[in-house]
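Q: pasting the structure only:
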């Protein structure tokens, strides 16, 4: 069983190829935030993006679901290829909506909609025009189970999501993203607003989730990256400095700057 | 006492003196503010009291069900309040959908460039234009060019234009209070702009938008000047049966009675004023209720 997972883990789920990303801010000068990034994201594993504030890790994450397109005019140069379909997320011919149909996201701060628990999880299906009640019910239950929340909420699905605790809300957000069966789940510092117990809960959950979905996570917390991820990418000032299996990156980094960062000499 | 200790005490006394002085300044300013506020309120209370005292005895059932008359004691405000209601309803039907749609467009769809900035600035400017100017514009556009005559629909259109900027601004402010992480959550699940607006932004900002709408309508009810220009009738013996009929509204009725020499008509005017004031206060109360109700519902 363990061998199976390891073998699967070698398959690439998504691949960032030579990605340079620039913001065209209100002033005419454009700002380069990502510099020729190359990064593989392996299937059924957790890949962590680490680095000091402003290194571009969240910017890179938000390229994966074209979140930047909501705001200013942005410039993607390069590709992010989803495998095995060969779908290029950043292609100009691809509508951001289509990308977001395939890729889920969990945010830094738990952000459930001020609606019922059920409606939160069902929302992704609703926007896809799925109306069949029995199917939605089934999906809601399945997603809440996957997010480890079902036992806590199955008797109050119609209660407002705001009645849940912070940790429960974040797991609800995970369930909401899972309901649409994403090929890739993005997590933007998913535990930074949570207490240690809820954080442990979520980290444990990530270990379960990677059996069925590929996870890409930004984290500020180096210990978390060490504990919960299989691969780690260290970024600095818009460059990808080092990528490797987490164990190797944390115990035997190849680049000096990585070592300086993980040993706390800067950052 | 050692020199060191002496210095410390000295700096203590200066600190105390400074704090004392600053506190005194604070006290002076807050007293002044309170006085200004009270005098403004006092004027308002005196005005309302005076009007109530004059008008109250005149308020009876007949007053609400009679048309204007040459005899003050037989005259009533039937045409006035029915006309006011009709005009405000027409205004609401025109201004609410337009204003909310424009607010949504500016906040959620439009690109932020010089063109939208010009539009934004001009909407703010429009909110500050004297209402008589709207009246003059409406006279030439609606009454003559579009040949809508001196009708309920002309009045509705004129007032709709007048309150449109208020509704647009209120809508935008209400939409802005929906946090961006809620929008992002919706978009990240594959929702379109319209789905995000329909399922999230509009429901969550509904309270704020409705508050703005009600306040705008309460302003429309009290407007007189633009309707004088576009030809509200002051003496009318029938109720409008269609939107193309002539009409009068409460403030115009009041204005007419006030401009007569006989004292008895001034009593009528005061009574009509009471009715108008109650309508406005009722609407404002409704706005406060809506705001309170929805503020409790969503906490971000």
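A: All right, it came through fine. These numbers come from a predicted model, not from an experiment.

Q: and the residue nearest the centre of chain A, what helix or strand is that in?
A: Using Cα atoms, centre = their mean, the residue of chain A that lies closest to the mean C-alpha position is residue A:186, 1.4 Å off. Residue A:186 belongs to strand A:184-188 when elements are defined using DSSP states H and E.

Q: related to what we said a few turns ago, the residue nearest to the centre of chain A reaches residue A:61, doesn't it?
A: Yes. At 5.3 Å, residue A:186 and residue A:61 qualify as touching, with contact defined as Cβ atoms under 8 Å. C-beta: built from backbone N, CA, C; applies to glycine.

Q: could you report the neighbour count for residue A:163?
A: Using other Cβ atoms under 10 Å in any protein chain shown, residue A:163 has 12 neighbouring residues.

Q: so what's it up against?
A: In this structure, residue A:163 makes contact with residue A:156, judged by Cβ atoms under 8 Å, 6 or more residues apart in numbering or on different chains.

Q: in contact with the residue of the stretch 151-267 of chain A at minimum distance from chain B, which residues?
A: Evaluated by Cβ to the nearest Cβ, the stretch 151-267 of chain A has residue A:180 as its residue closest to chain B, separated by 6.4 Å. For residue A:180, the residues meeting the contact criterion (Cβ under 8 Å, 6+ apart) are A:101, A:104, A:124-125, A:128, B:189-190.

Q: how would you label residue B:13: helix, strand or coil?
A: Residue B:13 falls in the helix class when you classify it by DSSP: H, G, I helix; E, B strand; the rest coil.

Q: er, residue A:35 I mean
A: Following three-state DSSP, the label given to residue A:35 is strand.

Q: quick check: residue B:95 vs residue B:148, distance?
A: The gap separating residue B:95 from residue B:148 is 17 Å, by Cβ to Cβ, to the nearest Å.

Q: more neighbours, the two?
A: Taking residue B:95 and residue B:148 together and counting by other Cβ under 10 Å, residue B:95 has the greater number of neighbours (26 against 20).

Q: quick one, phi psi at that one?
A: Backbone torsions for residue B:95, taken as degrees, to the nearest 10, come to phi -80, psi -30.

Q: does it touch residue B:219 like I think?
A: No. Because the distance of 10.9 Å does not satisfy Cβ under 8 Å, residue B:95 is recorded as not touching residue B:219.

Q: where along the chain do the helices fall?
A: If you meant another chain, say so; for now it's chain A. With DSSP state H as the definition, chain A shows helices at residue ranges A:2-9, A:57-63, A:96-102, A:117-127, A:133-146, A:150-153, A:166-178, A:196-209, A:222-228, A:246-251, A:256-262.

Q: was after chain B, sorry
A: Defined through DSSP H, the helices belonging to chain B, from first to last, are B:3-55, B:61-65, B:78-104, B:114-127, B:131-138, B:152-176, B:180-188, B:193-196, B:202-222, B:225-229, B:250-258, B:263-297.

Q: can you say which of those is packed in most?
A: Among the helices of chain B, ranked by average contacts under mean count of other Cβ atoms under 10 Å in any protein chain shown, first place goes to helix B:152-176 (a mean of 24).

Q: can it be said to contact chain A?
A: No. Counting by Cβ under 8 Å from any Cβ of the partner chain, chain A has no neighbours in helix B:152-176; the shortest distance is 14.9 Å.

Q: other SSEs contacting that helix?
A: The elements that helix B:152-176 packs onto, with contact taken as 3 or more Cβ pairs under 8 Å, 6 or more residues apart in numbering or on different chains; DSSP states H and E, are helix B:78-104, helix B:114-127, helix B:131-138, helix B:202-222, helix B:225-229.

Q: with mean pLDDT added, can I get the helices of chain B in TSV?
A: Supplementary listing: the helices of chain B in TSV, determined by pLDDT from 0 to 100:
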stretch	mean pLDDT
helix B:3-55	88
helix B:61-65	83
helix B:78-104	92
helix B:114-127	89
helix B:131-138	89
helix B:152-176	93
helix B:180-188	95
helix B:193-196	95
helix B:202-222	91
helix B:225-229	85
helix B:250-258	88
helix B:263-297	87
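
Q: tell me which of these lies nearest to residue A:115.
A: helix B:202-222 (8.6 Å; Cβ to Cβ).

Q: by contact count, what packs against that closest one?
A: Right, helix B:202-222 is packed against helix B:78-104, helix B:152-176, helix B:263-297 by 3+ Cβ pairs under 8 Å, 6+ apart.

Q: identify the contacts common to residue A:186 and residue A:61.
A: Listed contacts common to residue A:186 and residue A:61 are residue A:216; contacts here mean Cβ under 8 Å, 6+ apart.
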